[in-house]
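Undergrad: got a sequence here, can you model it:
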Amino acid sequence: MTGMAPVTARAMRGLALAQIRYVTPVRPGDADGPTAEVYRQVEREFGVLAPPVVLHSPAPELMTGAWLMLREALIAPGVVDRAVREAVAAGVSAANSCPYCVSVHGATLRGLAGDQAARTIVGGRLTEVADERLREAAHWATTASLRPRDGEAPHMPFTAREAPEYVGVAVLFHYLNRMVNTFLEDAPMPASAPRAGLGMVQRVLSAMIRGASRRIGAAGDSLALLPWEPVPADLHWAQASPHIAQAFARAAGAVDRAARQVVAPSVRDLLDRELRVWDGAPRGLGRGWLDALLATLPPADRRAGRLALLVAFASYQIDAGVIEDYRGDRPDDDAGLVVLASWAALSAARRVGGWTAGAPAANGGPGGTG
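TA: Model prediction:
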């Protein structure tokens, strides 16, 4: 057991599994090997069996990578207060129209920094946030979602030493928001549950996540779950923190290996071209923008191309029809579905990370301890 009472642990596990759509997650009682170890670490250090991690379980190596990024960027001890990191998480999630993550991390922020900070950040009223550190962190998180224009040099509310944690949380949530929008309900509860109970669920989650803080081990403790990887050039922002650099490098390596087996070269090339010219802005309310892009693909690759493009650029538009169209004649390939979505989501998140790290503030500037 992980510090939770057995009845509470079982209830929270059931709640986690019930929120996942389109794939069948590995049940805790059936988990073994690396999957069981990830589940154990998640419950111990995050406080609950987090659905954004568990949804990856049909592809265990990718689930491990998701946990490494979440653990080392958001949870592990660092130089940036957890409340500041949660403000970044909530700000990115609001910018990405991810109500599930806004709900969970807004509730966590409420427990760490108070109701006023959480309410104004998740509501997008950033000028009303009283705490300067949280205000600047949330403002940066939302504005950094867009690529700077030529000649722009936006202020970064962190020092060079803090950059891996700020940017790491931002990249993490650009990834998780896309996966969550694809595979989870809009709130941290089953679709059939009455929404009147959301407040209670948020309070319980917040208490359990905060309660797990005393069980968190040292930075880098999760890294042994995946093999060492060279750090790609687009993860340069993590260089001041070896454990964050390796968490993201190892996760990226796992996703890249899996994608080479699942994603057609034509789809990989198309998404890469589109990401190179993307400015971070939404593609629009409809899906008309997809038609011309999909016409460039071989007919056999268009279903996968549609899903990959939606995950990367408009994950909030994904519904059961999109998933059913992708599955086609492979209705039971949960692992392949997770791999395609994970690859598209991380590709977009890494692209955003490439433009978020600008010139940090001087030591001791807003948001930092110096």
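
Undergrad: make it CA atoms for all contacts and neighbour counts henceforth
TA: Will do.

Undergrad: Ser57 and Val322: what is the separation?
TA: 21 Å (CA to CA, to the nearest Å).

Undergrad: got a list of contacts for stretch 52-60?
TA: When contacts are defined by CA atoms under 8 Å, 6 or more residues apart in numbering, stretch 52-60 is touched by residues 16-17, 20, 23-26, 34-35, 39, 62-63, 66-67, 176, 179-180, 183-184, 334-336, 338-339.

Undergrad: just the CA trace of it, in CSV.
TA: What follows is stretch 52-60, C-alpha atoms only, in CSV (Å, rounded to 0.1, in the frame of the first residue of the first chain):
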residue,chain,number,x,y,z
PRO,A,52,-3.2,10.8,-17.6
VAL,A,53,-0.4,8.3,-16.8
VAL,A,54,-2.6,5.1,-16.8
LEU,A,55,-4.1,5.8,-20.2
HIS,A,56,-0.7,5.0,-21.7
SER,A,57,-0.7,1.5,-20.1
PRO,A,58,-1.4,-0.4,-23.3
ALA,A,59,2.1,0.8,-24.4
PRO,A,60,4.1,0.3,-21.1
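
Undergrad: quick one: that stretch to chain centroid distance?
TA: 13 Å (CA atoms, centre = their mean, to the nearest Å).

Undergrad: one more: stretch 124-141?
TA: With CA atoms, centre = their mean, you get 20 Å for stretch 124-141.

Undergrad: that older thread, write the ChimeraX selection for whichever of the contacts of stretch 52-60 are buried.
TA: This is the ChimeraX syntax for the buried subset of the contacts of stretch 52-60, where burial follows 16 or more other CA atoms under 10 Å:
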select :16,17,20,23,24,25,26,35,39,62,63,66,67,176,179,180,183,184,334,335,336,338,339
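
Undergrad: list the residues that contact Ala252.
TA: Here Ala252 is in contact with 65, 346 (CA under 8 Å, 6+ apart).

Undergrad: now, which of the contacts of stretch 52-60 lie within helices?
TA: 16-17, 34-35, 39, 62-63, 66-67, 176, 179-180, 183, 334-336, 338-339 (DSSP state H).

Undergrad: can you show me the helices along the stretch 101-250 of the chain?
TA: 115-122, 132-143, 163-183, 198-211, 242-262 (DSSP state H, counting those that start in this stretch).

Undergrad: so where's the chain shaky on pLDDT?
TA: For the chain, applying pLDDT under 70 flags the ranges 1-9, 153-154, 358-370.

Undergrad: mind running it again at 90?
TA: Applying pLDDT under 90 to the chain flags the ranges 1-16, 148-156, 187-214, 282-287, 328-332, 354-370.
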